[in-house]
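S.K.: Please work out how this folds:
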Amino acid sequence: MPNALRILRSEHRSIEAVLHGLGYFVGEIWAGRPSPDAEVFRAMLQYIDLFAERLHHPKEDRHLFSRMRLRTHEADTLLDIIEDEHRGGAERVRLLEQAFLRYEEGGVTHFLGFAQTVDTYTRFHREHVHFEEAKIFPIAERVLTLRDWKEIDAAFAGHGDTLVSPQTEREMAKLFARIVTITPPPIGAGPELPPTR
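M.R.: Okay, the predicted model is just below:
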């Protein structure tokens, strides 16, 4: 498997891990059990915004998908679908952030809206990733040349693209590590939540 696809798959798993944590704590609130501080939710939402929408998706569009369009028209319809989903990503994240803010400031009466928005975004993300990995990545492996992959790998390493600079990658890794550090078990390594009374 080309290194670029390994990186993208790994990034999909990182986003999924954060979404899993978000969903887990929404479930805990539903069950009436203690939940982490708002700081944990804010960090998770920030990661989804900064990493998924502002780094990962643009990286796919700029370097992988644009190169595929140069090599074949076989994937044009699939790429149109996925790139359209990417364009709508910022709006989906804004809905998540707004739903959380309403819940954080308005209390329990706004929890259902937040929970539904998390569920909607998570289901969308899982379907989106499955579509990319099952439909688009195999075409990329078949049609892109060794030179294409070398150039994509170089771009992913930050050569000629400030979007994916090593500094940006370090900042995203730092944010992910912070989430792990402040998030309570069993999701992260942060302080234990008080027991349910």
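S.K.: Residue 155 and residue 63: what is the separation?
M.R.: 5 Å (C-beta to C-beta, to the nearest Å). C-beta here means a position set from N, CA and C on the backbone, and glycine is covered the same way.
S.K.: neighbour count winner among the two?
M.R.: For residue 155 versus residue 63, neighbours defined as other C-beta atoms under 10 Å are more numerous around residue 63 (22 against 19).
S.K.: Can you find which helix in the chain contains the most residues?
M.R.: With secondary structure taken from DSSP state H, the chain has its longest helix at helix 3-30.
S.K.: roughly how far is it from the heart of the chain?
M.R.: How far helix 3-30 lies from its chain's middle: 7 Å, per C-alpha atoms, centre = their mean, to the nearest Å.
S.K.: change the start of the numbering to 56 and stick with it
M.R.: From this message on, residue numbering opens at 56, which makes the last subject helix 58-85.
S.K.: in this structure, which segments are predicted with low confidence?
M.R.: 214-217, 252 (pLDDT under 70).
S.K.: Give me the neighbour count for residue 249.
M.R.: When neighbours are defined as other C-beta under 10 Å, residue 249 has 9 of them.
S.K.: Could you look up the SS state of it?
M.R.: When classified by DSSP: H, G, I helix; E, B strand; the rest coil, residue 249 comes out as coil.
S.K.: shouldn't it be in contact with residue 89?
M.R.: Yes: if you go by C-beta atoms under 8 Å, residue 249 and residue 89 touch, sitting 5.3 Å apart.
S.K.: Quick check: which helices or strands does the longest helix of the chain pack against?
M.R.: Contact here means 3 or more C-beta pairs under 8 Å, 6 or more residues apart in numbering; DSSP states H and E; on that basis helix 58-85 packs against helix 93-102, helix 166-186, helix 192-198, helix 201-211, helix 221-237.
S.K.: what about 6 Å?
M.R.: helix 93-102, helix 166-186, helix 201-211 (3 or more C-beta pairs under 6 Å, 6 or more residues apart in numbering; DSSP states H and E).
S.K.: Determine which of those approaches residue 58 most closely.
M.R.: Nearest of the helices and strands packed on helix 58-85 to residue 58, taken as C-beta to C-beta: helix 201-211 at 5.2 Å.
S.K.: which of the residues in that closest one are buried?
M.R.: With burial defined by 16 or more other C-beta atoms under 10 Å, the residues of helix 201-211 counted as buried are 203-204, 206-207, 210-211.
S.K.: what does that helix contact?
M.R.: Outside helix 201-211, the residues within contact range by C-beta atoms under 6 Å, 6 or more residues apart in numbering are 57-59, 62, 118, 122, 216, 219.
S.K.: can you state the direction angle for it and helix 221-237?
M.R.: 60 degrees (axes from the mean of the first three to the mean of the last three C-alpha atoms, to 10 degrees).
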